[in-house]
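> Next one to model:
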Amino acid sequence: MANKKITELTEETSPQGADLLALVDDVSGTPTTKKVTVSNLMTQAPVQAADISGLATQVSLGNHEALTSSVHGISAFGATLVDDADASAARTTLGMPYISSGADTGLPSNPATGDVYLETNTGKLRWYDGTYWNTFDYDSQYDPNYASNQLGYSNGLFSSTNYNISTQPIIHFDAAILDGTDQANNPSAGSAVSAWGDRSGQAVNYDASQATGSAQPTFNVSGDDKYVSFDGGDSLDFTNYTLPTAFNIVIVGNTNADANYFLPIGTDTNSQYVILELGGTVYGISGSTTDNTYGPNYNSIQQFWATRDGSNNHNIYVQGGNSIISTTTSSSRTVAQLGKANNNYWHTGDIYEVIIWGADLSTTDKNTVNSYLQNKYSSLPTLTAFS
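Predicted coordinates for the structure are as follows:
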């Protein structure tokens, strides 16, 4: 090849690692012209001449990994992350879960521990623990739209709502929050109910339960309304609670036929009731004072109050402040069951909600409870205000 100036040589715009360059070796000693490949030359190319976090040695493409490792100890991890083939591999390197979504029938078949899956048709968030897909509990008390329409009281699930009252219940059974904790945990319609949680927040737990399958009532849904259905042989038992002199009980429920017993909450002794309807006659605590006018209407959703004040004045009210029984009695009652009284009298119908206070509520609180129930149950007849 004839001698040419470098500027006259053909330009190589895509050099390869094996391409050769001429260099002068041992410049300060015995200079010798030698060849070097592009790959070997680049191992000496400087990346950063300044010190890096304490590195006194000049960093090059050839020594950056070893030098960085000596100071930070992260190069192996970093190199692995950079070399990961795709996002899935990078998530594994970083220890990040894989998040995906789809119908509840489309759970990933080969999940890794910690993977998360959103069921778009149910709204449930699932996570894989290495063996099973678990469901995140949704705490509805933090949903402002739901919480605002709940009955609020101190130490309860909901403390600041549109319906706040000043007295905490002793017992609160609410079919809309069947486990007493969160409505998102409700079973599907038609499920047997082995337990009904008390959501009052009191220190004493009055959760009601039934271990015998044939005696378990059924959870049901109608529109937005949730209720527990009793067939005349079902019941749920809870820790005995002896009513004090002054108490209030509010009940939302019905019988499924006029001929059946209306006995949503039972006592521990035969022939003792807080409220009972049989054959069109309504009984309160005092069996000698009854009402024969309202009973046939109990086969649709109804609201009832059973009250007694500190002077033993006892009333049964229907649809708010409409009194159908008014008497004076000091008789003692101990409530212990939902759906029956002892083993001789059984409720046949639905129970939506039962709330018990160990006090006589103020008129304001009673009307707030009425407003809460009226707003909650779309089929409930118009409730008359207490005065």
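
> contacts, neighbours, all on C-alpha from now
Fine.

> Is it correct that Asn367 is in contact with Phe386?
Yes: between Asn367 and Phe386 there is a contact under C-alpha atoms under 8 Å: 6.2 Å.

> any residues in contact with both of those two?
Shared contacts of Asn367 and Phe386, defined by C-alpha atoms under 8 Å, 6 or more residues apart in numbering, comprise Gly320.

> neighbour count winner among the two?
Asn367 (21 against 17; other C-alpha atoms under 10 Å).

> tell me which element that one is part of?
Following DSSP states H and E, one finds Asn367 within helix 363-376.

> packing partners for that helix?
Applying 3 or more C-alpha pairs under 8 Å, 6 or more residues apart in numbering; DSSP states H and E, one finds that helix 363-376 contacts strand 163-164.

> Can you give the strand pairings for the strand it packs on, parallel or anti for each?
Using DSSP bridges, strand 163-164 pairs in its sheet with strand 151-152 (parallel).

> tell me the mean pLDDT over the strand it pairs with?
If you average the pLDDT over strand 151-152, you get 95.

> Residues touching that strand, excluding its own?
158-165, 369, 372.

> Would you map the strands across the stretch 101-250 of the chain?
In the stretch 101-250 of the chain, the strands defined using DSSP state E, counting those that start in this stretch lie at 116-119, 125-128, 133-135, 151-152, 163-164, 171-174, 195-196, 208-209, 218-222, 225-231, 236-242, 247-255.

> Go through the second one and flag the buried ones.
This means strand 125-128. 125-128 (16 or more other C-alpha atoms under 10 Å).

> Sheet partners, orientation included, of that strand?
Per DSSP bridges, strand 125-128 is paired in its sheet with strand 116-119 (antiparallel), strand 133-135 (antiparallel).

> Please point out which parts of the last one sit buried.
Going by neighbour count (16+ other C-alpha under 10 Å), the buried part of strand 133-135 is Trp133.

> How far away from the center of its chain is it?
13 Å (C-alpha atoms, centre = their mean, to the nearest Å).

> Which of the strands paired with strand 125-128 comes out lowest on mean pLDDT?
Among those, strand 133-135 scores lowest, at a mean of 79.

> So what touches it?
Under C-alpha under 8 Å, 6+ apart, the answer for strand 133-135 is 124-128.

> Closest to Asn254 out of those residues?
The shortest approach to Asn254 among those belongs to Lys124, at 32.7 Å (C-alpha to C-alpha).

> Is it correct that that closest one is in contact with Leu107?
No: counting by C-alpha under 8 Å, Leu107 is not a contact partner of Lys124; they are 11.8 Å apart.

> so where's this structure shaky on pLDDT?
Residue ranges of the chain with pLDDT under 70: 1-2, 45-93, 136-144, 271, 295-297.

> re the thing from before, could you export the strands paired with strand 125-128 to TSV, including columns for distance to Gly190?
Below are those laid out as TSV (distance: least, C-alpha to C-alpha, whole Å):
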stretch	distance to Gly190
strand 116-119	22
strand 133-135	21
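
> Of all the ones you listed, which one comes closest to Ile6?
Nearest to Ile6 among the strands paired with strand 125-128 is strand 116-119; the distance by C-alpha to C-alpha comes to 61.9 Å.

> one step back: could you dump the contacts of strand 151-152 into CSV and include neighbour count and distance to Val282?
Converted to CSV, the contacts of strand 151-152 look like this (neighbours: other C-alpha atoms under 10 Å; distance: C-alpha to C-alpha, whole Å):
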residue, neighbour count, distance to Val282
Phe158, 23, 34
Ser159, 18, 35
Ser160, 18, 36
Thr161, 17, 34
Asn162, 15, 33
Tyr163, 22, 30
Asn164, 21, 31
Ile165, 22, 29
Val369, 22, 23
Tyr372, 18, 25
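
> For these, give me a markdown table that also has distance to Asn299.
Output for the contacts of strand 151-152, formatted as a markdown table (distance: C-alpha to C-alpha, whole Å):
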| residue | distance to Asn299 |
| --- | --- |
| Phe158 | 31 |
| Ser159 | 34 |
| Ser160 | 34 |
| Thr161 | 31 |
| Asn162 | 30 |
| Tyr163 | 28 |
| Asn164 | 30 |
| Ile165 | 30 |
| Val369 | 23 |
| Tyr372 | 22 |
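
> Ser39 belongs to a strand?
No: remark: Ser39 does not belong to a strand; assigned using DSSP: H, G, I helix; E, B strand; the rest coil, it is helix.

> can you pull the contacts of it?
Going by C-alpha under 8 Å, 6+ apart, the list of residues near Ser39 reads 16-18.

> Now Asn40. Nearest residue, chain neighbours left out?
Gly17 (8.0 Å; C-alpha to C-alpha, 6 or more residues apart in numbering).
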